[in-house]
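Novice: Test case, fold it:
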Amino acid sequence: MSITILAIESSCDDTSAAICKDAKILANLIAGQQVHELWGGVVPELASRAHQQNIIPVVDAAMQKAGIAKEEISAVAFTRGPGLIGSLLVGVSFAKAFAMALNVPLIEVNHMQAHILAHFIDSTPKFPFLCLTVSGGHTQLVVVKNFLEMEVVGETLDDAAGEAFDKTAKLLGLPYPGGPLIDRNAKLGDANRFKFTEPNIAELDFSFSGLKTSVMYFLQAETRKNPDFIQQNINDLCASIQRTIIDILLKKAEKAAKQYGITELALAGGVSANSELRRRFEELGTKNGWATYIPKFEYCTDNAAMIAITAYHKYQQGQFTNQETEPLARYHI
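Specialist: Residues are numbered from 1 along each chain as shown. This next block holds a predicted model:
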């Protein structure tokens, strides 16, 4: 019997719906929110209001694109967390109501677990594999033992890598979201021009708050001498900051892989869309003779396809939830 899943993702500022039939993604639609650019970051209240406006049209469009009638849906999946509580509430509430109306099961999904399982949309990493998950709110090293058994072996102690990109971009005067702009400008710059402090964090954990502070003090000192310093050196600054962040990420990933004896490495999360990180991650694999996996761009940022593929595997294991389930702003793997 076919398994057809409607999946909802609403953890932050993207409203997404996907249709998955027997592990194949038939539709994956995303409605973004431009309003946050005015404020230099995501405003939770505005995000949740936009989700309310977007969710029904996005779900309807996904079902039409997939050519699926509501009667064919086997289960409704949703992101339970982690994320912004107001945004999560919209997705959870819609999923509950839709599942109740159709009298089909509900499947809750951990957003970070879904980023990892996004690899199985188009590829098949071999278990166990190590996943470096890098997003705006999270940075983790995860040993993936099977589809639904994962162990976090390292994570950020403060800012996530995505925050480091966006916060340093703000110091450079770049608009939100700054990460993609750093990536773009870095292509034209010298990554070895400026040196910034790398934190000395024990074991496999990360820290990025010190890097932000290092960049801030450096820019303050240089702009006192030359008010046009940032503008005149923007490409080299972006390239140097990007290189430092990627150095921190890949040194820990390499250390973890060697420590656990894993030769299959995966990269996931919104920051995995960064072109230099993708290039150097593959380079790391080639250097060590490791297999590397990176999802297509559309499955790197927040999307419902990753929720759907995770729900498909949970459906097979009979891992359903109920109408009493509440969203969780913090939800650990």
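Novice: Every contact and neighbour count from this point should use C-alpha atoms.
Specialist: Noted.
Novice: Just the element for the residue nearest to Ala186 when sequence neighbours are not counted, please.
Specialist: Spatial nearest neighbour of Ala186, chain neighbours left out: Ala239 (3.9 Å); criterion: Cα to Cα, 6 or more residues apart in numbering. In the assignment (DSSP states H and E), Ala239 maps to helix 234-260.
Novice: What's the mean pLDDT across that helix?
Specialist: Averaged across helix 234-260, pLDDT comes to 98.
Novice: That one packs against which elements?
Specialist: In terms of contacts (3 or more Cα pairs under 8 Å, 6 or more residues apart in numbering; DSSP states H and E), helix 234-260 is packed against strand 129-134, helix 161-171, helix 179-186, helix 275-288.
Novice: how much does that helix deviate in direction from strand 129-134?
Specialist: Calculated by axes from the mean of the first three to the mean of the last three Cα atoms, to 10 degrees, helix 234-260 forms an angle of 150 degrees with strand 129-134.
Novice: Give me the buried positions along whichever helix or strand comes after helix 234-260.
Specialist: Counting by DSSP H and E, the next helix or strand C-terminal to helix 234-260 is strand 264-268. Under the neighbour-count criterion of 16 or more other Cα atoms under 10 Å, strand 264-268 has Glu264, Leu265, Ala266, Leu267, Ala268 buried.
Novice: and the fourth one, how far is that from Val134?
Specialist: With distances taken as Cα to Cα, to the nearest Å, Leu267 is found 8 Å from Val134.
Novice: got the domain boundaries for the protein?
Specialist: Following automatic domain parsing, the chain resolves into domains at 4-117+300-316, 125-294.
Novice: For the shortest one, measure first residue to last.
Specialist: Same thing as domain 4-117+300-316. Length of domain 4-117+300-316, first residue to last, Cα to Cα: 12 Å.
Novice: picking that back up, tell me which of the domains of the chain sits most buried.
Specialist: Mean neighbour count, computed with mean count of other Cα atoms under 10 Å, is highest for domain 4-117+300-316 among the domains of the chain, reaching a mean of 22.
Novice: Which of the three states applies to Glu71?
Specialist: helix (DSSP: H, G, I helix; E, B strand; the rest coil).
Novice: Tell me the predicted confidence for the residue most central in space within the chain.
Specialist: The residue lying closest to the centre of the chain (Cα atoms, centre = their mean) is Gly269, at 2.8 Å. Looking at Gly269, its pLDDT reads 94.
Novice: Quick check: the gap between it and Leu157.
Specialist: 18 Å.
Novice: Please, where are all the helices along this protein?
Specialist: All helices of the chain, identified by DSSP state H, fall at 44-66, 85-102, 111-117, 161-171, 179-186, 209-225, 229-232, 234-260, 275-288, 304-316.
Novice: returning to what we had before: ok, the residue nearest to the centre of the chain - contacts?
Specialist: Gly269 sits next to His115, Ile116, Thr133, Val134, Ser135, Cys300, Thr301, Asp302 when contact means Cα atoms under 8 Å, 6 or more residues apart in numbering.
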